[in-house]
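> what follows is a predicted protein model with its sequence.
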Amino acid sequence: MAGEDRSTTLEVDHLGIAFGAGAAEHAVLRDVTFRLGRNEILGIVGETGAGKSVLAQALVGLLPGDGRVVQGEIRVNGRPLAAMNERDRRQLRGGAISLIGTSAKTLLDPVETVGRQIARVLRAHRPCGRRAAWRQTVQLLGDVGIIDSEQRARAYPHELSGGMAQRVVIAMALIARPDIILADDATLGLDATVQVQVLDLLVARSRERGVSVILITHDLGIVAHYCDRVAIMRAGRIEELQAVQGFLAQPGTAYSESLLGAARARPVPADHLSTATQRLGDAGEAVAPRGETLLVVENLQKLFAAGAAQPPLRAVDGVSFSLARGETLALVGESGSGKTTIGQCLLRLLTATAGGMRFDGIDIAALTERQFRPLRQRMQMVFQEPYVALNPRWRVCDLISEPLRLLEPVSRRDRQARVNELLDLVQLPRRLAEAYPHQLTAGEQKRIGIARALATRPDFVVFDEPTTALDIRVRAQIIDLIRSLQVRTGLSALFITHDLNSVRSLAHNVIVLNRGQIVERGETETIFARPQHAYTRLLLTAELPIEWSASRRSGTPVPVLTAERGASARR
């Protein structure tokens with residue numbers, strides 16, 4: 001973007017933010033300095049606790065609790081934020097600066113139509129009549145890709161999908177024609193295809209209107225594909241600030257290099273699995289197993305009732321596959337594709353409607369619950385949200401040792417020894433045995449969930465979204481942990497995810513699901529290099545690896561470090 005007018009819209013000089021007072025004062029931001037140019041997109045990347053969200057709150061004058069500016073200054077279009085009265089600040093929020101947060105549906109008023117909410121923002125900052133505000137609202141909803149915008153404007157938030165609700169929030173951010181948009185993990189938790197649609201839309205509309213954008217994220221792939229510059233935050237400071245291409249080519253600090261290394265896909269070595277190379281078949285049926293086959297699923301179906309007058313919902317529709325000892329098989333697809341339902345059916349947490357499931361030669365679908373119970377120690381699951389799955393009143397030692405009590409009598413000493421062994425296995429300090437779930441980080445909670453699943457020395461584990469919403473380095477650590485567990489224990493795994501970067505680093509084979517059916521299957525690198533089905537290609541175009549530029553999303557693999565970063569949504 002060299003040569004363009006890049007007058008400054010936002011200036012942050014030596015900003016310091018602290019909470020508490022006196023001896024209890026805790027500095028959260030320290031000496032933060034940067035400029036934001038007009039029509040620039042700046043990515044701010046950092047791990048949990050780096051201070052990213054506090055910075056966003058400070059920029060709009062909404063620090064929580066006793067948070068306060070202890071040094072430095074924020075200027076918006078040359079005006080110091082500290083010099084503004086409360087009325088001026090209200091006009092700033094939504095007028096000059098709009099904030100898009102995580103989880104759109106929690107940001108919208110559940111008892112008012114989305115159209116009226118957007119129109120209200122417009123009238124608060126750009127006075128106009130009700131009809132004029134409504135017309136502009138409907139037009140902007142159409143501009144952000146909402147079909148039947150007039151009808152959707154009259155919908156309530158609960159009547160919208162997650163992606164559509166996020167588009168509504170983008171429209172609300174744009175309606176008053178702000179100078180700056182702050183997007184704080186605005187696509188966290190969305191499916192990959194929806195995330196790309198939302199980001200493409202946000203960036204394209206911002207470019208058209210000359211709006212500056214700050215994308216706050218923990219995903220370097222988003223930064224590589226959408227941003228002009230990147231700021232790396234750590235412990236309340238900006239450690240590095242430079243153009244994205246320069247950062248990707250040569251990061252300036254060891255910490256930045258560690259983030260880049262953690263974000264890169266590391267394909268599973270071809271010789272990592274000797275007995276589990278392509279036994280998946282091509283037509284949806286299970287193939288006669290070769291070698292050490294552990295699990296065979298044949299024509300699995302799961303239907304859910306959808307009301308008296310509605311046909312049942314086919315959550316899983318004729319799925320067949322097999323799994324070898326030591327193999328990781330990834331189930332990939334968007335929300336509602338049936339991934340988690342398959343995993344729960346395999347562990348009998350849900351009862352399959354039809355189909356066969358054989359585990360180590362045993363027909364588990366035909367077993368009663370009492371007959372199946374001894375097999376549970378060989379088949380375990382790591383749940384998507386470990387904090388929800390972990391009893392908040394139990395210590396870590398109790399959570400990990402509970403499965404041991406349910407299976408066979410063991411002495412207290414042996415139980416404690418096994419807890420320590422498992423903590424070592426998932427690379428956690430033994431002192432955490434006395435901690436409670438709320439005292440753990442998200443990554444530690446994930447590891448406790450894994451330790452709990454491994455307590456009974458299972459042969460097979462279902463990992464349900466084990467890397468979702470984790471920091472870059474923590475995600476890489478969890479992937480490395482699972483890979484090392486396979487080498488050390490010969491574990492077989494079903495990896496359920498929509499995180500395609502993690503699939504490349506962890507899975508030997510991939511099954512792509514859409515609406516409960518298998519649309520494609522094969523070895524991981526083959527699927528990524530030569531996808532055959534249109535839906536698979538759609539998923540892959542939504543991948544945002546740091547190794548590839550936007551041209552990768554159009555189907556031409558060109559390394560990001562040598563390619564010119566194009567795409568109309570970004571340049």
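The structure has been received and is ready for your questions.

> and A231, that's in a strand?
Yes: applying DSSP: H, G, I helix; E, B strand; the rest coil, one finds A231 inside a strand.

> might one say that it is in contact with R237?
No: contact between A231 and R237 fails when scored by C-beta atoms under 8 Å: they sit 10.2 Å apart. (Glycine included, C-beta is placed from N, CA and C.)

> now do the contacts for R515.
The contact partners of R515, taken as C-beta atoms under 8 Å, 6 or more residues apart in numbering, are 314, 317, 336-338.

> ok so, going back, who has more neighbours out of A231 and R237?
More neighbours surround A231 than the other of A231 and R237, with 24 against 16 (other C-beta atoms under 10 Å).

> mind checking pLDDT for the more buried one?
A231 carries a pLDDT value of 97.

> and what of K446?
For K446, the predicted pLDDT is 87.

> that one: which element?
Assessed by DSSP states H and E, K446 sits inside helix 442-454.

> and that helix, C-alpha only, in PDB?
Written as PDB, here are the backbone C-alpha positions of helix 442-454 (Å, rounded to 0.1, in the frame of the first residue of the first chain):
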ATOM      1  CA  ALA A 442      -7.400 -23.500  29.600                       C
ATOM      2  CA  GLY A 443      -4.400 -25.500  28.400                       C
ATOM      3  CA  GLU A 444      -4.000 -27.100  31.900                       C
ATOM      4  CA  GLN A 445      -7.700 -28.000  31.900                       C
ATOM      5  CA  LYS A 446      -7.300 -29.700  28.500                       C
ATOM      6  CA  ARG A 447      -4.300 -31.700  29.800                       C
ATOM      7  CA  ILE A 448      -6.300 -32.800  32.900                       C
ATOM      8  CA  GLY A 449      -9.100 -34.000  30.700                       C
ATOM      9  CA  ILE A 450      -6.500 -36.000  28.700                       C
ATOM     10  CA  ALA A 451      -4.900 -37.400  31.900                       C
ATOM     11  CA  ARG A 452      -8.400 -38.400  33.200                       C
ATOM     12  CA  ALA A 453      -9.100 -40.300  29.900                       C
ATOM     13  CA  LEU A 454      -5.700 -42.100  30.100                       C
END
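
> following element in sequence after it, please.
Next along from helix 442-454, by DSSP H and E: strand 460-464.

> before we move on, the earlier item: could you dump the contacts of R515 to TSV with neighbour count and pLDDT?
Shown next, in TSV, are the contacts of R515 (neighbours: other C-beta atoms under 10 Å; pLDDT from 0 to 100):
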residue	neighbour count	pLDDT
R314	17	91
D317	18	95
G336	16	83
S337	24	89
G338	24	92
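
> nearest to I472, out of those: which one, please.
S337 (25.6 Å; C-beta to C-beta).

> and the nearest residue to that closest one once chain neighbours are set aside, what is it in contact with?
Leaving aside its sequence neighbours, S337 sits nearest to L513 (C-beta to C-beta, 6 or more residues apart in numbering; 4.1 Å). Applying C-beta under 8 Å, 6+ apart, we find L513 in contact with 319, 331-333, 337-339, 342, 519.

> phi first, then psi, for L513.
The phi/psi pair for L513 (degrees, to the nearest 10) reads phi -110, psi 140.

> tell me how far S337 lies from G252.
For S337, the distance to G252 (C-beta to C-beta, to the nearest Å) stands at 41 Å.

> kindly report the same for A442.
A442 is 28 Å from G252, by C-beta to C-beta.

> do A56 as well
For A56, the distance to G252 equals 24 Å [C-beta to C-beta].

> the two - which one has more neighbours?
A direct count of neighbours by other C-beta under 10 Å for A56 and G252 places A56 higher, at 21 against 14.

> just send the contacts of R515 back as CSV, with secondary structure and distance to L248 too.
Listed next are the contacts of R515 as CSV, based on DSSP: H, G, I helix; E, B strand; the rest coil; distance: C-beta to C-beta, whole Å:
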residue, secondary structure, distance to L248
R314, strand, 43
D317, strand, 42
G336, coil, 34
S337, coil, 32
G338, coil, 36
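
> which two among those residues are spaced furthest apart?
Longest span within the contacts of R515, C-beta to C-beta: D317 and G336, 12.4 Å.

> sketch out the low-pLDDT regions of the stretch 151-300 of the chain for me.
268-291 (pLDDT under 70).

> give me that answer again for 80
For the stretch 151-300 of the chain, the stretches flagged by pLDDT under 80 are 161-163, 188-190, 265-291.

> the stretch 1-150 of the chain too?
In the stretch 1-150 of the chain the weaker segments, taking pLDDT under 80 as the threshold, are 1-6, 23, 102-106.

> for Q136, give me its contacts.
Taking C-beta under 8 Å, 6+ apart, we find Q136 in contact with 119, 122, 128, 175.

> do T253 as well
The contact partners of T253, taken as C-beta under 8 Å, 6+ apart, are 232, 239-240.

> which one of those is nearest D179?
Checking those one by one against D179 (C-beta to C-beta), the nearest turns out to be I232, at 24.7 Å.

> what about the helices in the stretch 451-571 of the chain?
Remark: helices assigned in the stretch 451-571 of the chain by DSSP state H, counting those that start in this stretch are 472-489, 500-506, 524-529, 534-541, 550-553.

> what about the fourth one, average pLDDT?
Put plainly, it is helix 534-541. Here the average pLDDT along helix 534-541 is 92.

> same deal with the shortest one?
The predicted model gives helix 550-553 an average pLDDT of 41.

> I170 touches D200, doesn't it?
No: I170 is not in contact with D200 according to C-beta under 8 Å; the separation is 11.0 Å.

> out of these two, which sits in the more crowded spot?
Higher neighbour count among I170 and D200: I170, with 27 against 20, using other C-beta under 10 Å.

> tell me who's in contact with the more buried one.
100, 144, 198, 201-202, 205.

> what about those, which one has the most neighbours?
In the contacts of I170, the most neighbours by other C-beta under 10 Å go to L202, 28 neighbours.

> roughly how far does that residue sit from A173?
Here L202 is placed at a distance of 8 Å from A173 (C-beta to C-beta).

> how near is the residue of the chain most remote from its centre to S401?
Taking C-alpha atoms, centre = their mean, the residue of the chain most remote from its mean C-alpha position is S411, at 41.0 Å. Note on S411: its distance to S401, by C-beta to C-beta, is 11 Å.

> what about the stretch 301-450 of the chain, any weak spots by pLDDT?
Checking the stretch 301-450 of the chain against pLDDT under 80 turns up 306-309, 385-387, 405-410, 442.

> can you show me the helices along it?
Using DSSP H, counting those that start in this stretch, helices in the stretch 301-450 of the chain cover 339-346, 369-372, 386-389, 396-407, 412-425, 442-454.

> how about the ones you listed in a markdown table, adding distance to I222 and mean neighbour count?
Listed next are these as a markdown table, based on distance: least, C-beta to C-beta, whole Å; neighbours: other C-beta atoms under 10 Å:
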| stretch | distance to I222 | mean neighbour count |
| --- | --- | --- |
| helix 339-346 | 23 | 23 |
| helix 369-372 | 43 | 11 |
| helix 386-389 | 25 | 16 |
| helix 396-407 | 33 | 19 |
| helix 412-425 | 33 | 16 |
| helix 442-454 | 19 | 23 |
